[in-house]
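Visitor: After the sequence you'll find the predicted model.
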Amino acid sequence: MSSSSNTEINGLAGNVSGSGFGRSWAWHSSLRYPSPFLDLASLYLPRTIKELFHLCRYYYTTSPIINPIVRKLAVYPITEQYIEDPDPELKQYWENYCNKVLRLPEFNIECGLDYFTYGNCYVYIYFPIIKTLTCNNCKKEEKIENCSYVWRSLRFDLKCSSCNAQTREAAVKEYPKKSMNEIKLIRLPPELIDIENNPLTGQKDYFLTIPRVTRNEILIGKKVIIEGTPEIFIESMRQNKRMKLTPGKFFHFQRQSISQVDWLGYGEPIITPVLKDNFYFQILRKAQEAVLHSAIVPLRFVFPQSGDAQTSPYTNVNLLRWMNNMKSEFIKWRRDPNHVGFVPMPVGSQVVGADGKALTLFQELSLQADMICSGMGVPLEFYKGGLSWSGSNMSLRMMQTEFVGYRAKMKVLNEDFILGTIADYLGKNRVKVSFAEFKMADDLQRSALEFQMYQSQLMSGDTVVKGMGHDYVIEQEKINVERQNQTTIQRKNQIAQANIAGEAQLIQAKWQAQAQKKMQMMQVQPQLASQTQQQQQSQGANPMETMQSPLQNQDFQMDEQGVARSAKNEIEKLPEFDRMTALNSIKMEAPDIYNQIMQLQNSEKGSQSGMAPTPEVKPPRSLAV
């Protein structure tokens, strides 16, 4: 910030000096502020970028408006990430590593929180190390976790396990550890980074100050801290100096800002334009709190009331006795809400307060919240919800443009710095990272238009599928698998239907043969009867020959029952659906056989339920010779 915020107010006349104003102003004694461009909040604006970072962190933590806006800005542009590599196994390996080990999407969201809150984000990669201590006597080098040492004055005093020699300030060595699972992505708080910038050449040097909590833990010799912290951090504490960051070993991406001397090299936080608005919002909330504390709960008074204008209860009634009586009645009412009190004279009451609802400032708070959203450059729906593409075309298009630039920076961070540095460290080939196409999720009109262009053969299916956030190759593979599954299912269904139709045709042919046999016997029976009658007339009646026709009818009836029984046994072997189909076919082709089958089924059901079925066909009686 400019030095215009450093003000001196002498009496009622102000003297403001600095680059922001350029000259002194003398105002009339009735004015309160030394400049017409200042208000009360302007006198307390941060003077340095570190003070601004402190305020931004405070407002992000406490403001119910800024916090959700910053989170949505950090989360919304991060879409699904893909590894581009022709080798599918290598591609799958890097995707699993990014999503499960590095947890890169979550880390990108965390970087976005720093980017939009502070306007700056600093990232560096911690590679695991093996730290060793060396004995000065026997020169034995051993891992630090296996050594017996004493931490004193930021040094290791070693007791050698081989020669038992005591070594003051043992030499520390570090070796890289090629373990992908132990590589960590670290965000450095912007409040700990100092930038020394040359405005004439653009040269910038970055310096890191170790936070106070970590310094204290190192000083007391916390085991997990001193054994895992690289020696360069401890050395900076020994020399009591800031640690200079090596270019290429860290990544800094910043939000755009104007060119001003005090902020060169730093990005501008998105919260900066609304600092004064948040101050005013807090004043309204404090006033609201005071109103609710003082006026939301009613204060009630009870007093004796005169019955008419001529009598006064204050001259004719013992007020002390009346007050004690009212207190006892009030206590009884507290114990029993249904208690009815009896008093010898009228009682009046008056309520003081309870007008807090009329004094609330909800409308002013809502208006101030809208001003904060406008100052941060986001639509009102982005804070309140209900954001849609059709309702806020211009605002969303501007946000989309800003998000595209932000995603370009994030792509450089992921591809060049994080994965590129890790691949170089492990001796592997670099891979490319791409984000799923960014677009507003509810852009239904654009999606419908793209589909119409695809139907008109003006756009490829690959473009339409990618526009919906899907991978065209993966979707084609899924479609081929689904087609194969559908073909297999259809083949099985058709084979099953053919088997059922074949079995039904066999059974139908069998029944047709039986029906033809029956018809032939019915045609032959009258001829046999006439021949028998002619023989009886010519030769005389023969008892055995007389019984031949009934026996033939009985044989035919028994043969029909046998056909029905065999058909019933065949039908019971079929599935439920096929049974109904077979029975319907028999009913249409051979009704008599169908009736016999139904009778057999009913007789079996009756025998199973304990009821003896009544036979339709009686067995033949024995013939007397």
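Guide: Structure's in. What do you need? Treat the numbers as computed from the prediction; the structure is a model and nothing was measured.
Visitor: Buried residues, stretch 127-146. List them.
Guide: By 16 or more other CB atoms under 10 Å, the buried positions in stretch 127-146 come out as F127, I129, K131, T132, L133, T134, C135, K140, E142, I144. For every residue, glycine as well, the C-beta is placed using N, CA and C.
Visitor: how about the helix or strand encompassing L284: buried residues?
Guide: Here L284 sits within helix 275-295, counting by DSSP states H and E. If you call a residue buried by 16+ other CB under 10 Å, then helix 275-295 has these buried ones: L275, D277, N278, F279, Y280, F281, L284, Q288, V291, A295.
Visitor: Hmm, Y206 and M243 touching each other?
Guide: No. Counting by CB atoms under 8 Å, Y206 is not a contact partner of M243; they are 9.5 Å apart.
Visitor: Who has more neighbours out of these two?
Guide: The residue with more neighbours, out of M243 and Y206, is Y206; 21 against 16, by other CB atoms under 10 Å.
Visitor: if I've got this straight, that one is in a strand?
Guide: Yes. According to DSSP: H, G, I helix; E, B strand; the rest coil, the state of Y206 is that of a strand.
Visitor: Need the nearest residue in space to it, chain neighbours excluded.
Guide: Nearest non-adjacent residue to Y206, counting by CB to CB, 6 or more residues apart in numbering: L245, 4.2 Å away.
Visitor: swap in L359?
Guide: V291 (4.7 Å).
Visitor: Pull out the buried positions in the one helix or strand G420 maps to.
Guide: Using DSSP H and E, G420 sits within helix 420-426. Of the residues in helix 420-426, G420, T421, I422 count as buried by neighbour count, 16+ other CB under 10 Å.
Visitor: Pull out the buried positions in stretch 336-356.
Guide: Buried, per 16+ other CB under 10 Å, within stretch 336-356: G356.
Visitor: ditto for stretch 119-127
Guide: Per 16+ other CB under 10 Å, stretch 119-127 contains these buried residues: G119, N120, C121, Y122, V123, Y124, I125, F127.
Visitor: Need phi/psi at the last one.
Guide: The one in question is F127. With angles defined as degrees, to the nearest 10, F127 sits at phi -100, psi 130.
Visitor: dump the residue contacts of it.
Guide: Each residue near F127 by CB atoms under 8 Å, 6 or more residues apart in numbering is listed here: P176, K177, I183, Y425.
Visitor: Try it again at 6 Å.
Guide: Applying CB atoms under 6 Å, 6 or more residues apart in numbering to F127 gives the contacts I183.
Visitor: That one and L188, how far apart?
Guide: 16 Å (CB to CB, to the nearest Å).
Visitor: just the second one next, same as before
Guide: Counting by CB to CB, the separation of N120 from L188 is 10 Å.
Visitor: about what we covered before: wait, which of the buried residues of stretch 127-146 is closest to E51?
Guide: E51 has its nearest neighbour among the buried residues of stretch 127-146 in F127, at 34.3 Å by CB to CB.
Visitor: Show me where the stretch 1-150 of the chain dips below the pLDDT cut-off.
Guide: Counting by pLDDT under 70, the stretch 1-150 of the chain shows low-confidence ranges at 1-34.
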